[in-house]
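Visitor: Provide a 3D model corresponding to the input given below.
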Amino acid sequence: MTTAPVIELRTFTDLDPVRGDLLNVYAEVRAPLLHLPNYAVTAFGERLDRHGTEPGFAAVLAYADGQPVGYAYGNRIEHGDRYWQRTTPPPTQEYTERPALAIKEIGVRPAWRKTGTARRIHDVLLATRDEPYVTLMVNPAAGDGKVHALYRSWGYEDLGHSQPSAASPVLTVMIRSTS
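Guide: From the prediction side, this is the model:
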């Protein structure tokens, strides 16, 4: 029987103390894609800074031996938020009438993948929230479809599609209950 890796999960509602750790982990997580404009570390940093000022921002980082190995972060979105406006087809009122948690990024360093670390980070992030639904976007080609399948195994269902920016690929919007 394998035991879960020893990690410390820390929750933050202020971006400043963890911005550097998020950028460092992101650069390793997305290394094969960094040549694409939407995935460049500078583009991520700009998005991260914007997300860090949005309502309900929270991040969970996993640390092993004091070093960051993974993260997830998101914020609260309301009815009429641009997140919902870019989703096609438009989501039903069931999902948009109350605030939802939008997970903007989940990433785990390659050495920590397939250890349950991403799921643990995700679950701690959700445990801090009171929104009835959580949504995220996934590139259906990521990991040859394995990332999309992973989110389905966590209870997410496809809701629609979105292209957050002209440089972004078309993403699948997924949703599930937070409970």
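Visitor: Quick check on the residue nearest to the spatial centre of the chain: phi, psi?
Guide: The centre of the chain sits closest to Glu105, judged by C-alpha atoms, centre = their mean, with a distance of 2.5 Å. Torsion angles at Glu105 (phi, psi; degrees, to the nearest 10) stand at phi -150, psi 140.
Visitor: check contacts around it.
Guide: Tyr26, Phe44, Leu48, Tyr71, Ala72, Tyr73, Gly74 (C-beta atoms under 8 Å, 6 or more residues apart in numbering). C-beta coordinates here come from the backbone N, C-alpha and C atoms, glycine included.
Visitor: ok, now Glu8?
Guide: Glu8 sits in contact with Ala62, Tyr63, Ala64, where contact means C-beta under 8 Å, 6+ apart.
Visitor: What about the first one, how many residues nearby?
Guide: Other residues near Ala62 come to 25 when the count uses other C-beta atoms under 10 Å.
Visitor: Within the helices and strands, which one has it?
Guide: Using DSSP states H and E, Ala62 sits within strand 58-64.
Visitor: Report the secondary structure state of Gly56.
Guide: With DSSP: H, G, I helix; E, B strand; the rest coil as the basis, Gly56 sits in coil.
Visitor: ok, it touching Ala102?
Guide: No: using C-beta atoms under 8 Å, Gly56 makes no contact with Ala102, being 9.1 Å away.
Visitor: got a pLDDT number for Asn38?
Guide: If you check Asn38, the pLDDT there is 81.
Visitor: count of residues packed around it?
Guide: 16.
Visitor: circling back to that earlier point, what's the strand holding Ala62 packed up against?
Guide: strand 8-12, helix 19-29, strand 67-77, helix 117-127 (3 or more C-beta pairs under 8 Å, 6 or more residues apart in numbering; DSSP states H and E).
Visitor: got the ones you listed as JSON lines, with mean pLDDT and distance to Ser168 columns?
Guide: Output for those, formatted as JSON lines (pLDDT from 0 to 100; distance: least, C-beta to C-beta, whole Å):
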{"stretch": "strand 8-12", "mean pLDDT": "97", "distance to Ser168": "26"}
{"stretch": "helix 19-29", "mean pLDDT": "96", "distance to Ser168": "16"}
{"stretch": "strand 67-77", "mean pLDDT": "97", "distance to Ser168": "17"}
{"stretch": "helix 117-127", "mean pLDDT": "96", "distance to Ser168": "21"}
